[in-house]
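> Any chance you could fold what I've pasted below:
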Amino acid sequence: MEFPTLTKFHFPFVSSLVLLSIVTITLNPVMATKRCDFPAIFNFGASNADTGGLAAAFPLFGPKTPNGETFFHKPAGRFADGRLIIDFIAQSFGLHYPNSYLDSLGTNFSSGANFATAGSTIRPQPSIGQRMFSPFYLGIQYSQFERFKPTSQFIRNQGGLFATLMPKQEYFSKALYTFDIGQNDLTAGFFGNMTLQQVNASIPDIIKTFTSNIKNIYNKGARSFWIHNTGPIGCLPLILANFVSAERDRYGCAKAYNEVAQSFNQNLKQAITQFRKENPLVAITYVDIYTPKYSLFSNPKKYGFELPLVACCGYGGPYNFSNSVGCGGTIKINGTDTVVGSCDKPSVRVIWDGTHYTEAANKVVFDQISSGAFTDPPIPLKMACKRK
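Model prediction:
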């Protein structure tokens with residue numbers, strides 16, 4: 001529906017309203033349209049945002065070829081064929097792709113650091129069977145950040161080449177702090193013989209731990225937060241292949257497991273709203289990635305995707321996924337060792353390896369969330385430093 005422009009009307013008070021608007025915007029920086037030029041990004045999370053943490057800490061468990069084939073043309077510490085959402089966030093501000101805090105080899109931290117590590121959880125988790133969880137849970141990531149802040153400034157003050165690789169002191173208050181974590185806490189429950197009701201019951205405590213860490217980082221001077229909720233877990237081959245009796249929705253996703261993810265998201269949104277009330281100086285944005293990710297499964301053709309529930313890089317079963325061998329692993333086929341490779345066109349697939357998304361899917365999701373259409377408050381990424 002089109003609305004008539006003001007120029008079609010001749011109200012005598014229009015000029016006064018325009019003048020009042022100009023004065024209001026000038027006096028109120030919150031309403032100003034100037035973009036937030038974040039000089040740095042400090043990221044916390046798990047594999048959906050890991051740009052090399054696990055690969056640096058445990059090389060044997062890091063992503064292998066064909067990971068990275070689409071963009072980096074080699075494994076680049078990411079569990080994807082190319083870039084992640086966090087890469088697109090950094091790129092949108094003209095910053096280099098985030099480097100992992102755990103990567104000590106020629107790493108440039110001048111525009112931030114990435115503390116995310118694949119397998120990380122909000123609360124520490126024991127290993128469950130063949131499922132390994134990272135020892136770098138959110139509390140450890142906070143401790144790493146806590147150490148990084150003064151140590152980076154000590155290095156800067158020494159001068160020389162290494163000083164140029166560290167962020168400036170003022171960057172810590174002006175930076176964007178991003179979070180993408182929580183999915184592994186839920187899967188830990190799913191694979192730890194907990195009922196769905198028990199997993200649901202654990203969510204408030206998980207969120208309490210989450211917000212406690214956000215508070216700690218806020219107390220270290222952080223002011224702009226961009227916090228992702230968790231995606232539709234029930235659409236992942238990881239869940240579909242392991243819980244075959246779970247009721248499916250009309251798109252083939254495991255309904256009850258998605259409902260647990262939605263419960264997590266509702267609790268997280270409420271906690272962020274409360275945090276905002278208690279800390280009026282914070283600019284904290286709740287980012288709904290569940291909805292745009294779910295749309296990739298419910299309406300894949302709209303985005304140029306096909307076979308949304310089938311992994312691009314994997315082996316076995318209807319979802320091209322197996323617990324015994326992952327993307328880049330080796331398996332015997334007819335007595336011959338064969339590397340598990342990728343599909344012909346990752347760009348038309350949603351899921352990369354059964355748990356993570358392809359670069360193409362990550363880009364679609366980034367484009368939607370960065371517009372502000374799926375955030376609370378509804379502001380675009382470039383305005384994420386503004387307080388509501």
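> hmm, who's touching stretch 230-239?
Residues outside stretch 230-239 that contact it (CB atoms under 8 Å, 6 or more residues apart in numbering): 48, 182-183, 186-187, 190, 240, 246, 249, 251-261, 264-265, 289-290, 293-294, 297, 308-311, 314, 319-321, 351, 354-355. In short, each C-beta sits where N, CA and C put it, glycine included.
> List only those of those flagged as buried.
48, 182-183, 186-187, 190, 240, 246, 249, 251, 253-254, 256-261, 264-265, 289-290, 293-294, 297, 308-311, 314, 319-321, 351, 354-355 (16 or more other CB atoms under 10 Å).
> how about the helices of the stretch 201-350 of the chain, start to end?
For the stretch 201-350 of the chain, the helices defined by DSSP state H, counting those that start in this stretch cover 237-242, 255-278, 290-298.
> check contacts around the residue nearest the centre of the chain.
The centre of the chain sits closest to Asp180, judged by CA atoms, centre = their mean, with a distance of 3.6 Å. Counting by CB under 8 Å, 6+ apart, Asp180 touches 43-46, 48-49, 85-86, 116, 228, 289.
> now those residues as TSV including distance to Asn200?
Output for the contacts of Asp180, formatted as TSV (distance: CB to CB, whole Å):
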residue	distance to Asn200
Asn43	28
Phe44	24
Gly45	22
Ala46	20
Asn48	22
Ala49	25
Ile85	26
Ile86	28
Ala116	25
His228	20
Ile289	20
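> Which one (most neighbours) among the residues you listed?
If you count neighbours using other CB atoms under 10 Å, the busiest of the contacts of Asp180 is Ala116, which has 32 neighbours.
> who wins for proximity to Arg147 among the helices of the stretch 201-350 of the chain?
The minimum distance between Arg147 and the helices of the stretch 201-350 of the chain falls on helix 255-278, with 24.2 Å, by CB to CB.
> Phe71 reaches Ala360, doesn't it?
No. With contact defined as CB atoms under 8 Å, Phe71 does not count as touching Ala360 (10.4 Å).
> So if I had to pick from those two, which one is more boxed in?
Ala360 (25 against 15).
> The more buried one is in contact with Cys343, isn't it?
No. Applying CB under 8 Å, one finds Ala360 not in contact with Cys343, separated by 11.9 Å.
> joint contacts of those two?
Listed as contacting both Ala360 and Cys343 by CB under 8 Å, 6+ apart are Arg349.
> and the closest residue in space to Pro280 that isn't next to it in sequence, how far is that from Thr273?
Distances taken as CB to CB, 6 or more residues apart in numbering place Arg387 nearest to Pro280, at 7.2 Å, with adjacent residues excluded. Arg387 sits 14 Å away from Thr273, going by CB to CB, to the nearest Å.
> again, but for Gly106
Per CB to CB, Gly106 is found 42 Å from Thr273.
> between those two, which one's more packed in?
Thr273 (13 against 7).
> Kindly give the local confidence score, pLDDT, for that one.
We have a pLDDT of 97 for Thr273.
> residue contacts, it?
Thr273 makes contact with 286, 376, according to CB under 8 Å, 6+ apart.
> hmm, back to that, quick one, which of the helices of the stretch 201-350 of the chain is nearest to Gln141?
Across the helices of the stretch 201-350 of the chain, the minimum distance to Gln141, taken as CB to CB, is reached by helix 255-278, at 17.2 Å.
> Please enumerate the strands of the stretch 151-300 of the chain.
Assigned by DSSP state E, counting those that start in this stretch, the stretch 151-300 of the chain shows strands spanning 176-180, 224-228, 283-287.
> mind putting those strands in TSV, mean pLDDT and distance to Ser212 included?
Formatted as TSV, the strands of the stretch 151-300 of the chain follow (pLDDT from 0 to 100; distance: least, CB to CB, whole Å):
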stretch	mean pLDDT	distance to Ser212
strand 176-180	98	13
strand 224-228	98	14
strand 283-287	98	14
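> quick one, which of the ones you listed is packed in tightest?
Counting by mean count of other CB atoms under 10 Å, strand 176-180 has the highest mean neighbour count of the strands of the stretch 151-300 of the chain, with a mean of 26.
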